[in-house]
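Q: predicted model, plus sequence, below.
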Amino acid sequence: MRVFVTGGTGHSGSHIIPELITAGHEVTGLARSDTAAAAVSALGAKVRRGDIEDLDGLKEAAADSDGVIHVAHRQDLLPSGGIDAVAAAELPIMLAFGEALAETGKPFVAAGSIGSPGDLGRPVTEEDPALPSGDEHRGTLRVRNVVETAVVGLAERGVRSSVVRIANIAHSTTDRAGFLVQLIALAKEKGYVGYPGDGANLWNAVHIRDAASLFRLALEKGPAGKYWHAVGDGAIPLREIAEAIGSRLGLPVVSVPADVLMVPGYFGFLANIVTQNYPASNLITRRTLGWEPAQPGLLADLDNGHYFSAG
């Protein structure tokens, strides 16, 4: 299959491209700079110069391909416009891909968030839709749900579209800016490892190589209009993650009172998500696509030590 991939130099994309090539697919990666082009080429993919702001270019690339995997996003918009700006920029991209692939039955797989169904008081499943979002949700991760909903809705236009919901924590030896990296940096800065309240709120995680294999499977055989869960560890208390970090750094692990002053005081911009509860199931994904996580789980990967080698 000829596959067009955006975000090929990012944490997930840089593993998706070799996963596809190993499986026999011909991959073309979008690259907006000479550096990105070299990285995409080094992964074994063909290079298409351009960026995700060029909607006509994206439509042309999609039309020339047998399938599309989209994991790029406008990270550059976060400092000025926050998640609202990122989501607003993503929606026309999804619609552009939809226009190019309409009535073709070709696969279109986009990245989503495991948090999009919200806290349901139980593990979220692949059958739980993204919660609707409106103006009252501006500034929260929920505003991006409109993007996931748009992708799944493309199934009604003859696109074999699906969303891979990526776990809260995507870990690997190539993670340079994810949640774990930020927690470790905070701990070093503060001199202790904090967790909110009793730390019993549950987080989920996936090794990025396992996530890459799920993107491939969704592309190859995923039915249209579905959500898939890239979740290896479905429910880890945040306190246990903090304790694993503290053990490696040799720092005390301390409860941060869960109030409106103390949590932001320690966690900064992470405060609005670090107290959330995110248990998630992967049962439907495994049964439907035959996906089985094979890489180390989160705590084992932390124990490997590579997150702490920089000192």
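A: Thanks, I have it. Numbers count the residues shown, from 1 in each chain.

Q: any idea which helix or strand comes after the helix or strand of the chain with the lowest mean pLDDT?
A: Least confident helix or strand of the chain, by mean pLDDT, DSSP states H and E, is helix 271-274 with a mean of 84. Downstream of helix 271-274, the first helix or strand assigned by DSSP states H and E is helix 283-289.

Q: model confidence over that next one, on average?
A: Here helix 283-289 scores 98 as its mean pLDDT.

Q: E189 - that's part of a helix, no?
A: Yes - E189: assigned to a helix according to DSSP: H, G, I helix; E, B strand; the rest coil.

Q: and the pLDDT for it?
A: 95.

Q: residue numbering should commence at 37 henceforth.
A: Okay, using 37 as the starting number, the last item reads as E225.

Q: so it versus V296, what's the distance?
A: In this view, E225 and V296 are 21 Å apart by Cβ to Cβ, to the nearest Å. C-beta coordinates here come from the backbone N, C-alpha and C atoms, glycine included.

Q: and A97, by the same measure?
A: 46 Å.

Q: so these two - more neighbours on which side?
A: Set A97 next to V296 and count neighbours by other Cβ atoms under 10 Å: A97 wins out with 20 against 8.

Q: check which helix or strand covers the more buried one.
A: Counting by DSSP H and E, A97 is part of helix 91-99.

Q: mean confidence (pLDDT) on that helix, please.
A: Averaging pLDDT along helix 91-99 yields 97.

Q: got a list of contacts for that helix?
A: With Cβ atoms under 8 Å, 6 or more residues apart in numbering as the test, helix 91-99 has contacts from 40, 42, 64, 66, 84, 86-88, 104, 128-129, 132-133, 135-137, 142, 144.

Q: now the buried members of those.
A: Buried members of these, counted by 16 or more other Cβ atoms under 10 Å: 40, 42, 64, 66, 84, 86, 88, 104, 129, 132-133, 135-137, 142, 144.

Q: in strands, which of these appear?
A: Mapping the buried ones among the contacts of helix 91-99 onto strands (DSSP state E) picks out F40, T42, T64, L66, R84, V104, F144.

Q: closest one to G333 out of those residues, please.
A: Lowest distance from G333 to these (Cβ to Cβ) belongs to T42, with 28.6 Å.

Q: in stretch 74-90, what's buried?
A: Buried residues in stretch 74-90, counted by 16+ other Cβ under 10 Å: A75, V76, L79, A81, V83, R84, G86, I88, D90.

Q: contacts only, for the fourth one.
A: For A81, the set of contacting residues under the criterion of Cβ under 8 Å, 6+ apart consists of V41, G44, I53, I57, V63, T64, G65.

Q: the first one contacts T64, correct?
A: By that I understand V41. Yes - the pair V41 / T64 is scored as a contact, 7.1 Å apart, by Cβ atoms under 8 Å.

Q: for P288, which non-adjacent residue is closest in space?
A: The shortest distance from P288 to any non-neighbouring residue, by Cβ to Cβ, 6 or more residues apart in numbering, is to Y228 (4.7 Å).
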